[in-house]
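**Student:** here's my sequence, what's the structure:
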Amino acid sequence: MEGEEEIQQPQLVLANSLFLLTQNDVDDIEKVRLRDEVFNFIVANDMAPLYETLVASKVLKLDQSALDSMRAKIDGELKKLEEKIADAEENLGESEVREAHLAKSLFYIRIGDKEKALEQLKITEGKTVAVGQKMDLVFHTLQIGFFHMDFDLISKSIDKAKNLFEEGGDWERKNRLKVYEGLYCMSTRNFKKAADLFLDSISTFTTYELFPYDTFIFYTVLTSIISLDRVSLKQKVVDAPEILTVIGKIKYLSDFMNSLYECQYKSFFTAFAGLTEHIKLDRYLHPHFRYYMREIRTVVYSQFLESYKSVTIEAMANAFGVTVDFIDLELSRFIAAGKLHCKIDKVAGVLETNRPDAKNALYQATIKQGDFLLNRIQKLSRVIDL
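**Tutor:** Numbering: from 1, shown residues only. Sure, this is the predicted structure:
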């Protein structure tokens, strides 16, 4: 993208700081530091529109002199940009006109004025011919969407980008779009598609404006573990050289992945507990924290039970390093929700698995659909006879 290379987009760093300010799990001392950091960044970038919003929502306190200073700087900068556009339109070519409009778009993005930024990006797009440059404008729009977590804007922009690629476009931008779409899928709880898109992008990752490579690997591992079967997980994640080179930098992640694959359930629960805060304080994963916790436990319990026709509750509790009462309560919830195919014999203290028969399920589904079709045909025949 124009002007961006291997640096996370500053506004997205700011968005993460603003998210952390709203979390009860972040201690007060850290919040004081974050508040100062946010205020200094806003003042340095003249983000008056965002500052007014944050003051209204009581995230920051009003500093009228700072606000007046930012507004004055914005007015001065806009005047210069308007003069630059007018000069380009009168004396220069189409390329220079486009660059002048792009500069104004980037200015609105910098100061955090969403509506005006989107409006100016549309004007810039009207001055743009090359597909690659149009794609860069879409990437800017996507970043605005992720800053505001505007999923409607993100979805429409991804569709727009895909349509642009039908006209052409280079592989580098196509690969970057996969990461944007993967982040969108993960943020909207479509972990399976997110995992597929992230895994496709591991060897070609260049989307540093969204997040660092370490964070990308963190998301890839988390989404893959609850989406892939054991064979695919081994091939695409556990043995992937790109993942192995950085997974050690992320605390607990290596133990989390390897202990699950190697069936070291006690170690898995320890690493799992260590990762929970990281997941809870992630801006994109936070809304799905409870869901992810349920899904990963479903995966690990299913994997354990797959090896047995029956097993004592005590043996399972020992394998996971937890109490019998905890396992009993956990499994009863998952069984009631239809997540685990087993039953608890409380008297004998035994778990009995009753794996669903895939062929029988398909047979029953076919009969049910056949009955439905016959009923529809009979109703239709009555109408025709009338």
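**Student:** now Thr353. Nearest residue, chain neighbours left out?
**Tutor:** Cys342 (4.5 Å; Cβ to Cβ, 6 or more residues apart in numbering). C-betas here are computed from N, CA, C, even on glycine.
**Student:** can I assume the one you found is in contact with Val350?
**Tutor:** No - the pair Cys342 / Val350 is not scored as a contact, 10.0 Å apart, by Cβ atoms under 8 Å.
**Student:** between these two, who's got more neighbours?
**Tutor:** Taking neighbours as other Cβ atoms under 10 Å, Cys342 and Val350 compare with Cys342 leading, 19 against 16.
**Student:** look up how far Tyr301 lies from that one.
**Tutor:** For Cys342, the distance to Tyr301 equals 9 Å [Cβ to Cβ, to the nearest Å].
**Student:** please enumerate the shared neighbours of those two.
**Tutor:** Common neighbours of Cys342 and Tyr301, using Cβ atoms under 8 Å, 6 or more residues apart in numbering, are Leu331.
**Student:** residues near Ala48, how many?
**Tutor:** 23.
**Student:** report the contact partners of it.
**Tutor:** In this structure, Ala48 makes contact with Leu67, Met70, Arg71, Ile74, Ile111, judged by Cβ under 8 Å, 6+ apart.
**Student:** which one among these gets closest to Thr366?
**Tutor:** For the contacts of Ala48, the closest approach to Thr366 (Cβ to Cβ) belongs to Ile111, at 60.3 Å.
**Student:** residues in contact with the closest one?
**Tutor:** Asn45, Asp46, Met47, Ala48, Pro49, Leu50, Ile74.
**Student:** could you redo the last one with a cut-off of 10 Å?
**Tutor:** 11, 42, 45-51, 70, 73-74, 77-78, 117 (Cβ atoms under 10 Å, 6 or more residues apart in numbering).
**Student:** what subset of the residues you listed is buried?
**Tutor:** Buried members of the contacts of Ile111, scored by 16 or more other Cβ atoms under 10 Å, are 11, 42, 45-51, 70, 74, 77, 117.
**Student:** which one of these is nearest Ile243?
**Tutor:** Once Cβ to Cβ is applied, the member of the buried ones among the contacts of Ile111 that ends up nearest Ile243 is Gln11, at 28.4 Å.
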